[in-house]
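Chemist: need a structure here:
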Amino acid sequence: MTTTKIDRSALLRNAWRIAREAAASAGTAVRAALGAAFRQAWAEARMVAQPVQQQQAQAVAPADLTTTEGLAKALVGKTASLALAGGEALYTIVSVERWTSPDGAQVRDYIKMETSGMWSDDRKGPIKLFILRKGTGHGTYTETDAGEAFWAYGGFCNSGNKRCNANDMVKDILESIRS
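Modeler: Down below sits the predicted model:
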């Protein structure tokens, strides 16, 4: 469901203008024509708002997910929470950084996350998440529009139930770029 933004002050001015014109042509009081004028003004405002909303949706260019910058544009600022026994950790994507192996055989875009909440200390560590650009990866991954996304777990994600929660959290973070 999409929402439409309508300028209510402009709508009121238009309704009063329509009411004054109707009252003048019918020779009645403006108040008598006000109800019909409001209905007409609302109908006109909705008709104008829909094409504007469609134009705005077309004007926003999708990010080029094959580049580090495009991936950052699509992901930075996204958050997801990981529910654990006795608390919750909130992960926020803060940057995307390119990493290349010394021989150039491996190229990855690491998605850097900060965590706050119960498990925020360095020993527990956030999930290590990257998009494979060149080379091979191993472990858990999912297909995205940017490529294969792999992740590994920090110290707190080493048991089955926690790992499942982490998988869901990572998939939630990647939802906007998943095929």
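Chemist: Can you get me a residue count around residue 15?
Modeler: 22 (other CB atoms under 10 Å). Every residue, glycine included, has its C-beta placed from N, CA and C.
Chemist: Actually, residue 139.
Modeler: 9.
Chemist: so residue 38 sits right up against residue 15, yeah?
Modeler: Yes - counting by CB atoms under 8 Å, residue 15 is a contact partner of residue 38 at 4.7 Å.
Chemist: By mean pLDDT, flag the weakest helix or strand of the chain.
Modeler: Within the chain, no helix or strand scores below helix 160-174, which has a mean of 63 by mean pLDDT, DSSP states H and E.
Chemist: Surely residue 64 is in a helix?
Modeler: No - with DSSP: H, G, I helix; E, B strand; the rest coil as the criterion, residue 64 is coil rather than part of a helix.
Chemist: just checking, it touches residue 70?
Modeler: Yes - between residue 64 and residue 70 there is a contact at 3.7 Å, judged by CB under 8 Å.
Chemist: Neighbour count for the two, which is higher?
Modeler: residue 70 (18 against 13).
Chemist: what about the strands in the chain?
Modeler: In the chain, the strands defined using DSSP state E lie at 79-84, 87-100, 107-117, 128-134, 140-144, 147-152.
Chemist: Run a quick neighbour tally on residue 75.
Modeler: So residue 75, with other CB under 10 Å, has 25 neighbours.
Chemist: got it, and the one 5 residues further on?
Modeler: A total of 19 residues lie near residue 80 under the criterion other CB under 10 Å.
Chemist: Could you report the pLDDT at it?
Modeler: At residue 80, the model reports a pLDDT of 74.
Chemist: OK, contacts around it?
Modeler: 90-91, 169-170, 172-173 (CB atoms under 8 Å, 6 or more residues apart in numbering).
Chemist: ok, now residue 135?
Modeler: By CB under 8 Å, 6+ apart, the neighbours of residue 135 are 101, 105-108.
Chemist: Phi and psi next, for it.
Modeler: With angles defined as degrees, to the nearest 10, residue 135 sits at phi 100, psi -150.
Chemist: Quick one, grab the pLDDT at it.
Modeler: 85.
Chemist: Let the chain start at 450 from now.
Modeler: Taking 450 as the first residue, the last one we looked at is residue 584.
Chemist: how much space between it and residue 518?
Modeler: 21 Å (CB to CB, to the nearest Å).
Chemist: Likewise for residue 577?
Modeler: 21 Å.
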